[in-house]
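1. sharing a model prediction with you, sequence too.
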Amino acid sequence: MLLIAFVVLFCLILWLFSKYLTWGFYILVALAPMLHWQFRLNDWRFVLEKYPQFLDFYAPMVDVWASFMIAALAINLIGKWWRGEKINLPLPGVWFYGLFLFSALLSCLNLFPGELVNSLKYIIRFPLFVYLGFVVFGLSAISNKQILERAMKIFVGVSFLGALMGLASLFMGVWNTAGLVRAVPFAILGWAPFGDQHIFLAEVFIAALPMAYYFYYLAENKKQKFFWLSVFFFILLICLLTFSRAGWLTLFFMAIIILWLEKPQQVFKYLQNKIWFFVLMLLPFIGYMSWFLQSRVVRLSNEARIAITSIGWFLFKDHPFIGQGVGTFEDRISSIWYFVYEFGTPIDAHSILSKLLAEQGILGVVAFALFIGYFISLAYKKFKNSLEKNLKAEGLLTIVLISGPLFFQLFSTQYYSAIMWLPIVFGIWLCSPLGKGGIRGL
């Protein structure tokens, strides 16, 4: 009876959110920075005691909620069809992403016997899921700019909480190895929504910083500007204090994009006048980072990353056009005994580029580049052709929102996660006429 009651309650909540997709989207956005908050069916053992085979299931809470909202969206669309209303489902870049999914299927031709089922599951769980759960659902829920800006503020707000946790970790000495200290997330009574590594915080901050500065730019009075500028600099400070190499490189990359696209002469003239201020401000961080890079922990990390990259390149050369097979990188690396002996449990590629080259070959990389490049080109046109300052700012924000998190994933492993894809969704809405009932596909 208890299980039946939960099923009925689940269906009622699903029906309710099918009517209020926007609120479901806000929850999704709030969960995105807390990527390491896990949903485990084992916590519901009292409901599923008769079905122990399901108790091993676990997944990020944000992914579980995205699956829930995919179902809610489906019910919403069925309801519209039943009432004879027009169905207008956003499928931006669908042909390019369809080519990317096709390359994933084509890569299965190079699988070893017995790997096909796992690879097909991988395609559904990751490449297809992020498009449906984040891109399609997200754009279906954003019906106007007010919803988009509210969602971005939620994202920045949760990221600010992550920054507070990072600050607290410095005083608590959570990460102190051989005298080296950095800002890291930590568990509270066994709950670790931001994970347990510095890089997890850094990738959240990389996505949040452009949004925070955008709201500073839009602020209409001094109090609002002071508030958003304070939020921006606080998150930036904790991002620097993570001493994440990927984070620092991505900050530099985003700064270069902004300097390149904005009026370089004016920007460089401003920097020239303020150069000593910036040098003095960054000098302690640069000095500490230089010392940090000489530590044994960092050297071992570098060696592991170099080894993984070398293996990825070897796998690519073996099947350069369609790859080894989607979702097989960890299996391939586990068969290389020296890596397991030297570095322990096999992990995924530490770069989205290595991942795609090894698993889906040139075809997969080109297809994904076309998908991303399509929206960056739209954003660049908006930035160059718009006369209104706010529209130009939206174009620049879009370019940074899409390219920043993607650049970060050149050094990380969470390329099919909400933390990378939701900023891209925000950017897609800003750079296309979706909010005006525009493009549905290409």
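-> Perfect, I can see it now.

2. buried residues of the helix or strand hosting Leu240, list them for me.
-> Per DSSP states H and E, Leu240 falls inside helix 222-241. Across helix 222-241, burial judged by 16 or more other C-beta atoms under 10 Å covers Trp228, Leu229, Val231, Phe232, Phe234, Ile235, Leu236, Leu237, Ile238, Cys239, Leu240, Leu241. Backbone N, C-alpha and C define where each C-beta goes, glycine included.

3. which of those residues sit farthest apart?
-> Greatest spacing in these, by C-beta to C-beta: Trp228 and Leu241 (20.5 Å).

4. which residues does Val130 contact?
-> By C-beta atoms under 8 Å, 6 or more residues apart in numbering, Val130 lies in contact with Tyr416, Ser417, Trp421.

5. about what we covered before: just how off-centre is the helix holding Leu240 within its chain?
-> Centroid displacement of helix 222-241 relative to its chain, using C-alpha atoms, centre = their mean, to the nearest Å, is 21 Å.

6. helices and strands around that helix, which ones?
-> helix 145-172, helix 198-218, helix 245-261 (3 or more C-beta pairs under 8 Å, 6 or more residues apart in numbering; DSSP states H and E).

7. ok, 6 Å please
-> In terms of contacts (3 or more C-beta pairs under 6 Å, 6 or more residues apart in numbering; DSSP states H and E), helix 222-241 is packed against helix 145-172, helix 198-218.

8. mind checking the SS state of Gln414?
-> coil (DSSP: H, G, I helix; E, B strand; the rest coil).

9. quick one: the strands in the stretch 1-150 of the chain?
-> 38-40, 58-60 (DSSP state E, counting those that start in this stretch).

10. what's the first one in contact with?
-> What it means is strand 38-40. Here strand 38-40 makes contact (C-beta atoms under 6 Å, 6 or more residues apart in numbering) with Tyr58, Ala59, Met61, Val64.

11. now with 8 Å?
-> Phe57, Tyr58, Ala59, Pro60, Met61, Val64.

12. tabulate the residues you listed (a markdown table), appending neighbour count, pLDDT and distance to Lys19.
-> Shown next, in a markdown table, are the contacts of strand 38-40 (neighbours: other C-beta atoms under 10 Å; pLDDT from 0 to 100; distance: C-beta to C-beta, whole Å):
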| residue | neighbour count | pLDDT | distance to Lys19 |
| --- | --- | --- | --- |
| Phe57 | 13 | 82 | 28 |
| Tyr58 | 13 | 82 | 29 |
| Ala59 | 15 | 90 | 25 |
| Pro60 | 21 | 93 | 26 |
| Met61 | 21 | 95 | 22 |
| Val64 | 18 | 95 | 20 |
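
13. need these in TSV (columns: distance to Leu89).
-> Below are the contacts of strand 38-40 laid out as TSV (distance: C-beta to C-beta, whole Å):
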residue	distance to Leu89
Phe57	29
Tyr58	30
Ala59	25
Pro60	25
Met61	26
Val64	23
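
14. of these, just say which sits nearest to Ser18.
-> Nearest to Ser18 among the contacts of strand 38-40, with distances taken as C-beta to C-beta, is Val64, at 16.8 Å.

15. ok, now which ones touch the closest one?
-> With C-beta under 8 Å, 6+ apart, Val64 has these contacts: Phe39.

16. about what we covered before: adding distance to Phe375, write the strands of the stretch 1-150 of the chain out as CSV.
-> Below are those laid out as CSV (distance: least, C-beta to C-beta, whole Å):
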stretch, distance to Phe375
strand 38-40, 30
strand 58-60, 25
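
17. from Glu85, how far out is the nearest residue to Met254 once chain neighbours are set aside?
-> Once flanking residues are discounted, Met254 sits nearest to Gly404: 4.9 Å by C-beta to C-beta, 6 or more residues apart in numbering. In this view, Gly404 and Glu85 are 38 Å apart by C-beta to C-beta, to the nearest Å.

18. more crowded one of those two?
-> Gly404 (23 against 10; other C-beta atoms under 10 Å).

19. could you report the pLDDT at Ser290?
-> For Ser290, the model assigns a pLDDT of 60.

20. that older thread, right, so of the strands of the stretch 1-150 of the chain, which gets closest to Leu106?
-> Nearest to Leu106 among the strands of the stretch 1-150 of the chain is strand 58-60 (27.3 Å), distances taken as C-beta to C-beta.

21. other SSEs contacting that closest one?
-> strand 38-40.

22. didn't Tyr26 look like it was pressed against Ile154?
-> Yes - counting by C-beta atoms under 8 Å, Tyr26 does reach Ile154; the two are 5.9 Å apart.

23. re earlier: so can I have CSV of the helices and strands packed on helix 222-241 showing mean pLDDT and mean neighbour count?
-> Shown next, in CSV, are the helices and strands packed on helix 222-241 (pLDDT from 0 to 100; neighbours: other C-beta atoms under 10 Å):
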stretch, mean pLDDT, mean neighbour count
helix 145-172, 95, 18
helix 198-218, 94, 24
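
24. what's the closest of those to Ala379?
-> Comparing these by C-beta to C-beta, helix 198-218 comes nearest, at 12.2 Å.

25. hey, C-alpha coordinates of that closest one in PDB?
-> Extracted in PDB, the C-alpha atoms of helix 198-218 (Å, rounded to 0.1, in the frame of the first residue of the first chain):
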ATOM      1  CA  HIS A 198      38.600  22.000  -5.900                       C
ATOM      2  CA  ILE A 199      37.900  21.600  -9.600                       C
ATOM      3  CA  PHE A 200      34.200  21.000  -8.900                       C
ATOM      4  CA  LEU A 201      33.900  24.400  -7.400                       C
ATOM      5  CA  ALA A 202      35.900  26.100 -10.100                       C
ATOM      6  CA  GLU A 203      33.700  24.900 -12.900                       C
ATOM      7  CA  VAL A 204      30.600  26.200 -11.100                       C
ATOM      8  CA  PHE A 205      32.300  29.600 -10.700                       C
ATOM      9  CA  ILE A 206      33.400  29.700 -14.300                       C
ATOM     10  CA  ALA A 207      29.800  29.400 -15.400                       C
ATOM     11  CA  ALA A 208      28.400  31.900 -12.800                       C
ATOM     12  CA  LEU A 209      30.900  34.700 -13.200                       C
ATOM     13  CA  PRO A 210      29.700  36.000 -16.700                       C
ATOM     14  CA  MET A 211      26.100  35.900 -15.400                       C
ATOM     15  CA  ALA A 212      27.000  37.900 -12.300                       C
ATOM     16  CA  TYR A 213      28.900  40.600 -14.300                       C
ATOM     17  CA  TYR A 214      26.000  40.700 -16.800                       C
ATOM     18  CA  PHE A 215      23.600  41.700 -14.000                       C
ATOM     19  CA  TYR A 216      26.100  44.300 -12.800                       C
ATOM     20  CA  TYR A 217      26.000  45.700 -16.300                       C
ATOM     21  CA  LEU A 218      22.200  45.800 -16.400                       C
END
